[in-house]
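Peer 1: have a look; sequence and predicted model below, questions after that.
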There are 4 protein chains.
Amino acid sequence: MLEDLKQQVCQANLDLVSAGLVTLTWGNVSGRSEDGKHFVIKPSGVAYDVMRPEHMVVLDLATGETVEGELRPSSDTATHRLLYQAWPGVGGITHTHSPKATAFAQARRELPCYGTTHADHFSGTVPVARPLTQEEIDSAYEANTGHVIIERFADLDPIAIPAVLVASHAPFAWGKNAAESVKNAIALEACAAMAIDSLALNPALGPVEAYLLDKHYQRKHGPGAYYGQKK
Amino acid sequence: MLEDLKQQVCQANLDLVSAGLVTLTWGNVSGRSEDGKHFVIKPSGVAYDVMRPEHMVVLDLATGETVEGELRPSSDTATHRLLYQAWPGVGGITHTHSPKATAFAQARRELPCYGTTHADHFSGTVPVARPLTQEEIDSAYEANTGHVIIERFADLDPIAIPAVLVASHAPFAWGKNAAESVKNAIALEACAAMAIDSLALNPALGPVEAYLLDKHYQRKHGPGAYYGQKK
Amino acid sequence: MLEDLKQQVCQANLDLVSAGLVTLTWGNVSGRSEDGKHFVIKPSGVAYDVMRPEHMVVLDLATGETVEGELRPSSDTATHRLLYQAWPGVGGITHTHSPKATAFAQARRELPCYGTTHADHFSGTVPVARPLTQEEIDSAYEANTGHVIIERFADLDPIAIPAVLVASHAPFAWGKNAAESVKNAIALEACAAMAIDSLALNPALGPVEAYLLDKHYQRKHGPGAYYGQKK
Amino acid sequence: MLEDLKQQVCQANLDLVSAGLVTLTWGNVSGRSEDGKHFVIKPSGVAYDVMRPEHMVVLDLATGETVEGELRPSSDTATHRLLYQAWPGVGGITHTHSPKATAFAQARRELPCYGTTHADHFSGTVPVARPLTQEEIDSAYEANTGHVIIERFADLDPIAIPAVLVASHAPFAWGKNAAESVKNAIALEACAAMAIDSLALNPALGPVEAYLLDKHYQRKHGPGAYYGQKK
């Protein structure tokens, strides 16, 4: 079942490796089925050089049960599931430990928009989700990781800001499908890398003006977008 | 039309990727025709691994209209056009979001000549173009990006200093043709990377003496240049 | 003799190169035989592009004598031997001069757990072994390097914290076999790289809470581990 | 003439590129003939992907005249020649603008021995040669670059410390032949990179103890050296 989606999710996981965002097996991408009833995710701890579409695991979004696949799904599956349930517009999710974005997450420092590269992908500051309490960690760690992300976006639009930094952990990014979530993960890593150097050059650096942020975000994502080719 | 130029511009765009200056599709190179009437530029948002010369877009320099090509030209086309119109000696332009040069642009910090690597390519400080006003952004953003660059070079020679850092955005570099503009973009990124480390090692670092700057620039670009092979 | 182990140790040395942890010939991996009587190690100063399993050197663990192999074993062989003798649970050892972990070793600064990436591999701070005295260096340098590492772990569990930073030198990592020791060396380098950036972003950064550290370490290594596939 | 040497020098130049030390055409390697009468050097400004042994230029060491080769020799040829004349034990020289070593050169900051990686290759601090005066630059720039390097080594042994940082310029490294000079250039770049991070982690970091420096240098280069294979 869902052969196309398994193929797309497998390819998205491999694209994450090609982009240099993955060390060892630290990273996973998932995608939601078109009818919204299932999602497909990478198996846990499987080496990328032997990964094929048939290794992908299909889960029921409502119950969280595996409905197809021989292998255990990613250990972060419960986080992915919570985000799909909370955000109907999201069709793909990427989790990495990409080094520069993870440095921000570890430093518990949010990533403001320091330039147009950021504005092209994120309509404002990429926020930090609060640290989990001991109770949250001990009870249902991965699900509660999803809950603190959703809590952090209570007043934010996850479509307009498709990424978060989980405190002391690492980033999650998302998009309308698996491939778009990988692109946002790549953009986040690039923006984090440039931000570290920008702050070294100018420690007092503040975010760009709102009108520059809006212009760049809208020319790519707004109703009158003119970046890229007509779809 | 302009098959040779389309081939050169396509190759220059691919060289930009090989040099590691491009993340996703963030980068574009253009070249001016020999008669000065047209310029050829990369299409907007097309993946590099499928890009071929026939995808390049040919535009009329005087009107800015597409005269050949099925695809939309780069969203930064208006910036390229303004620079060609202002600077007759420029035959190629490269725009990137290369990480270290972009860090300087985001920090709104100019890049002085800290050593001979810089002096081999840029006859002095690579300047920062001022931020655009809200009016400039809202009216004709990409053309106005060209205008602030040209304004910044009012008292500078764009042939001798073939690059600029656009505040809160990223670098543009140029040269006598597309390939030379890519070389200058590569040199700018390398100089920015070394400058960040040099400043970490010596925060009070100032530019090199004018006579060392002139010697290196002239031995490569001056009337008695002796770097490289005789042309 | 020990053809399988020679194959595994040779491959682990090559994996170290693929992972980007080796410059020139700076790095060596060894593995202990199943009966615990021998260990196999890379020859000293041999280029990786010509290295084959038959070049590996087999040594007697009790005497430290070469029992098979035409080439000199790694100059760090005595250090490996001491660690195998002290720690029965260790079946593979990796020594590198990987740049970011070596920066910590040179700075004589221990590497606390700043996030879950670290907690997935190291159950606490990766410690620094004290500098050797002049007498220790002049008498039996490589053996004494082993002694100061073992001394540093007097109150630490080398299975739970499978790496050390030797002051003014570089890291050693280990694991249940050669391949696992390479994985820990890779994880250490990644954590060191992220720590440098995290500290630049937040110089007052402290280690993560013990309950987050324990959760991540246990979900991968504890009795109820659920990361990866069932063995 | 000197076909073997041309082959070795060409390969050494290509190895410099493989090691990631070269951007564009910034780098050159030369080698001295066994009889000491000639040296072979890379041509100036030729792309590495088309470079072959027959492109190498043969010069007379005594006169500095080209005795074979159609192409102009490297613009830095006069520097190489002066070093060969001053130091009979040197058989190969490498000049790069490798980014981390160049950052030290630009910062005019010498590179002390911060650990055993450095001690394995350089028996002490890699020094900075003083800036050239305007007169020295205007008269015979490349030869005078050689003179200030030789001046800096008046009380240093160039065999024991096979590299220098030329102020506001970049490093030169050397060795008994072209291949060894490339290895020292690679080691210098790696040590500079680790030093930048070590200093960020410990700004007050001083050089290692002399007995550790001596031990590591001697185990690889001294009369009783036991690193690598017997020659």
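Peer 2: That came through, no problem.
Peer 1: any idea what the closest residue to residue A:5 other than its chain neighbours is bridged to?
Peer 2: In this structure, residue A:5 finds its nearest non-sequential neighbour in residue A:40, 4.9 Å apart by C-beta to C-beta, 6 or more residues apart in numbering or on different chains. For glycine as for every other residue, the C-beta is placed from the backbone atoms N, C-alpha and C. For residue A:40, the beta-bridge partners are residue A:31, residue A:58 (DSSP bridges).
Peer 1: count the residues that sit near residue A:40.
Peer 2: 29 (other C-beta atoms under 10 Å in any protein chain shown).
Peer 1: does it touch residue A:34 like I think?
Peer 2: No - at 11.6 Å, residue A:40 does not count as touching residue A:34 under the criterion of C-beta atoms under 8 Å.
Peer 1: where are the low-confidence patches of chain A?
Peer 2: Low-confidence segments of chain A, defined by pLDDT under 70: A:230-231.
Peer 1: all strands for it, in order.
Peer 2: A:27-32, A:38-41, A:57-60, A:66-68, A:92-96, A:128-129, A:163-166, A:171-175 (DSSP state E).
Peer 1: what residues sit buried inside the fourth one?
Peer 2: Think strand A:66-68. By neighbour count with 16 or more other C-beta atoms under 10 Å in any protein chain shown, strand A:66-68 contains the buried residues residue A:66.
Peer 1: show me how far it is from its chain's centre.
Peer 2: The chain centre lies 23 Å from the centre of strand A:66-68; the measure is C-alpha atoms, centre = their mean, to the nearest Å.
Peer 1: any part of that strand near chain C?
Peer 2: No - Strand A:66-68 stays clear of chain C (C-beta under 8 Å from any C-beta of the partner chain), getting no nearer than 13.1 Å.
Peer 1: that strand pairs with which strands?
Peer 2: strand A:57-60 (antiparallel).
Peer 1: and the partner strand, how far out from the chain middle?
Peer 2: 19 Å.
Peer 1: how about it: buried residues?
Peer 2: Buried-residue list, strand A:57-60, by 16+ other C-beta under 10 Å: A:57, A:58, A:59.
Peer 1: need the contact list for the closest residue to chain C within chain A.
Peer 2: In chain A, no residue comes nearer to chain C than residue A:45, which is 3.1 Å away by C-beta to the nearest C-beta. Counting by C-beta atoms under 8 Å, 6 or more residues apart in numbering or on different chains, residue A:45 makes contact with A:25, A:75, C:227, C:228, C:229.
Peer 1: closest to chain B among those?
Peer 2: When those are ranked by distance to chain B (C-beta to the nearest C-beta), residue A:25 comes first, at 23.2 Å.
Peer 1: measure residue A:226 to residue B:78 for me?
Peer 2: For residue A:226, the distance to residue B:78 equals 11 Å [C-beta to C-beta, to the nearest Å].
Peer 1: over to residue A:198?
Peer 2: Between residue A:198 and residue B:78 the computed distance is 26 Å (C-beta to C-beta).
Peer 1: ok, those two, which is more surrounded?
Peer 2: With neighbours defined as other C-beta under 10 Å, residue A:198 and residue B:78 compare such that residue A:198 has more, 25 against 20.
Peer 1: can you show me the helices along chain A?
Peer 2: A:3-18, A:77-86, A:99-107, A:116-119, A:134-152, A:178-201, A:210-221 (DSSP state H).
Peer 1: nearest to residue D:52, of these?
Peer 2: Closest approach to residue D:52 among these is made by helix A:3-18 (32.4 Å; C-beta to C-beta).
Peer 1: what residues does chain A have near chain B?
Peer 2: Contact residues (C-beta under 8 Å from any C-beta) of chain A with chain B: A:114-117, A:120, A:183, A:186-187, A:190, A:193-195, A:197-202, A:205, A:208-209, A:211-212, A:215, A:219, A:226-230.
Peer 1: among these, which ones are buried?
Peer 2: Using 16+ other C-beta under 10 Å, the buried members of these are A:114-117, A:120, A:183, A:186-187, A:190, A:193-195, A:197-202, A:205, A:208-209, A:212, A:215, A:219, A:227-228.
Peer 1: right, and residue A:146 touches residue A:78 too?
Peer 2: Yes - at 6.5 Å, residue A:146 and residue A:78 qualify as touching, with contact defined as C-beta under 8 Å.
Peer 1: out of the buried residues of strand A:57-60, who's nearest residue D:134?
Peer 2: Distances from residue D:134 to these, taken as C-beta to C-beta, are shortest for residue A:57 (70.2 Å).
Peer 1: now do the same contact list for the closest residue to that closest one other than its chain neighbours.
Peer 2: Leaving aside its chain neighbours, residue A:57 sits nearest to residue A:69 (3.6 Å; criterion: C-beta to C-beta, 6+ apart). In this structure, residue A:69 makes contact with A:43, A:55, A:56, A:57, A:58, judged by C-beta under 8 Å, 6+ apart.
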